[in-house]
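1. After the sequence you'll find the predicted model.
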Amino acid sequence: MTRVLVIGGGVAGTTTALALHKAGFDVSVYEAHPDSAEDIGAFLTLASNGMRALAQIDACAAVTATGFPLTSIRVLDGSGTEVAQRPLGEAGNPVLRYRCLRRGELNAALQTEAAQRGISIRHGASLTSVQDGPDHVTARFTDGSTATGDLLIGADGLNSTVRRTIAPGTQPCYAGEYVFYGYTTDTSLVEEADDERITMVRGSAAFGYAVSPGGQTYWFARVAGERLAADEIAHGTPGQWRDLLLSLLRDDATAAAGIVASTTDDILVTNATEIPTGAPWRSGRMLLVGDAAHAASPATGQGASMAMEDAVILAKALRDTPGTDTALSVYETLRRPRAEHNTTVSGNVSRGVYTPSRTGQAPAARPGDEELTRLLEWDSRIATSQSGAAVLGGGS
């Protein structure tokens with residue numbers, strides 16, 4: 001197996017292409033959007049586990065050239081009282097620090113890195129169907145073109161076309177809240193400029209904000225309620241979203257309401273959505289990764305980092321395990337418990353079933369946390385025991 005088709009040029013797809021390329025595979029990326037991949041305007045945080053995955057494929061520098069680091073987290077209650085402050089992730093390691101950046105900037109940085117390594121990225125390639133066969137798999141696109149490979153990776157996000165082929169009965173589900181993202185340059189309301197800190201407010205709504213070195217405040221709010229209709233999201237105005245949020249936040253004695261009030265045009269809203277656990281990830285020569293396989297609500301902030309873990313472990317499984325089918329089975333064995341745990345925990349937070357610690361304690365360990373460092377380590381090898389279970393071997 002030498003030729004791999006990656007459908008989707010966002011975070012999951014481009015990181016997967018970088019990892020597969022490093023493992024020696026001939027890989028091409030097909031992205032439906034005409035430029036660096038659709039930028040919905042939202043920002044995200046890359047956690048230390050995601051940065052560790054990037055380090056294994058020599059992609060940290062490309063990502064740290066944009067956005068800004070976050071080294072601590074502060075938690076406030078609705079009265080503005082600080083209830084906790086602690087280091088965030090592996091804050092002591094400059095390579096592994098959390099990073100805050102816009103999704104579109106991250107996509108562009110990863111795609112630029114891929115192009116520099118000679119990885120083919122075709123923009124405007126919208127997938128219509130996949131034909132899976134015993135010896136190869138063929139992707140068909142809206143312009144009538146086709147591409148044939150030994151393996152096809154569906155990294156095409158929440159509304160994955162590849163997933164509709166693998167698991168047509170699997171539909172994304174609403175996770176119980178909608179999420180606002182915004183930006184403002186008014187820093188008079190906050191104290192965090194240049195301190196690499198994210199502040200979480202647990203008051204009338206879940207609210208978080210961080211200030212970039214350039215003085216722009218990135219903020220989000222998660223609000224429980226009925227799913228917003230697609231037309232409502234499409235035709236809503238920043239003023240409408242601002243007024244809705246202010247009605248929820250104005251009674252809190254924190255900076256949240258002031259931050260929202262000072263935001264004029266840069267407000268986005270989206271429904272928090274997830275993929276049901278237990279859904280199929282693969283069929284024949286097709287495999288899903290990232291949000292296409294295990295999208296979670298944004299409550300844990302792990303979506304992009306989980307996709308980066310997927311990329312490295314998939315590349316290693318294909319590199320180290322004889323036989324494509326066995327390699328994909330090993331990959332799924334290693335990834336499903338950890339990824340679906342994140343989906344479950346994040347969904348429970350969004351639905352109010354689980355409440356994060358109000359004292360700011362670090363979250364409980366996820367399945368695989370203890371072995372993650374070694375599993376991601378590029379020079380450690382993945383093998384299978386006589387029973388077929390995935391195990392870690394020594395260095396290569």
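-> On my side now, so go ahead.
2. Going by C-alpha atoms from here, please, whenever you check contacts or count neighbours.
-> Noted.
3. So what's the residue count around Leu287?
-> 23 (other C-alpha atoms under 10 Å).
4. What is the subsequent helix or strand relative to the helix or strand that contains it?
-> Leu287 is part of strand 286-288, with elements assigned from DSSP states H and E. Sequence order places helix 291-294 as the next helix or strand after strand 286-288, per DSSP H and E.
5. List of residues touching that following helix?
-> 12, 154-160, 163, 274-277, 279-281, 303, 307, 339-340, 343 (C-alpha atoms under 8 Å, 6 or more residues apart in numbering).
6. Apply 10 Å and report the result again.
-> The contact list for helix 291-294 (C-alpha atoms under 10 Å, 6 or more residues apart in numbering) reads 8, 11-12, 153-164, 172, 274-282, 287-288, 303-304, 306-307, 336, 339-343.
7. So for that helix, mean pLDDT?
-> Helix 291-294 carries an average pLDDT of 98.
8. Same question for stretch 251-262.
-> When pLDDT is averaged along stretch 251-262, the result is 93.
9. for stretch 28-42, same thing?
-> Stretch 28-42 comes out with an average pLDDT of 79.
10. Between its first and last residues, how far does that stretch reach?
-> 27 Å (C-alpha to C-alpha, to the nearest Å).
11. Repeat that for stretch 222-229.
-> Note: stretch 222-229 ends 17 Å apart using C-alpha to C-alpha.
12. and if you look at stretch 233-252?
-> Stretch 233-252 has its terminal residues 26 Å apart, counting by C-alpha to C-alpha.
13. and that stretch, which residues are buried?
-> Residues of stretch 233-252 classed as buried by neighbour count (16 or more other C-alpha atoms under 10 Å): Pro238, Trp241, Arg242, Leu245, Leu246, Leu249, Arg250, Asp252.
14. Cross-check the contact I'm expecting between the second one and Ala234.
-> No: counting by C-alpha atoms under 10 Å, Trp241 sits too far from Ala234 to count as a contact (11.9 Å).
15. Find residues that contact each of these two.
-> Val269.
16. any idea how far Thr142 lies from Thr373?
-> Noted for Thr142: a distance of 41 Å to Thr373, by C-alpha to C-alpha.
17. ugh, wrong one, I meant Thr185
-> 38 Å.
18. I'd like the mean pLDDT over stretch 94-101, please.
-> On average, stretch 94-101 scores 95.
19. Can you list the neighbours in contact with it?
-> Contacts for stretch 94-101 (C-alpha under 10 Å, 6+ apart): 42-55, 60-61, 63-64, 66-72, 87-91, 106, 196, 198, 210-212, 218.
20. Go again with 6 Å.
-> 43-48, 51-52, 67-70, 90-91 (C-alpha atoms under 6 Å, 6 or more residues apart in numbering).
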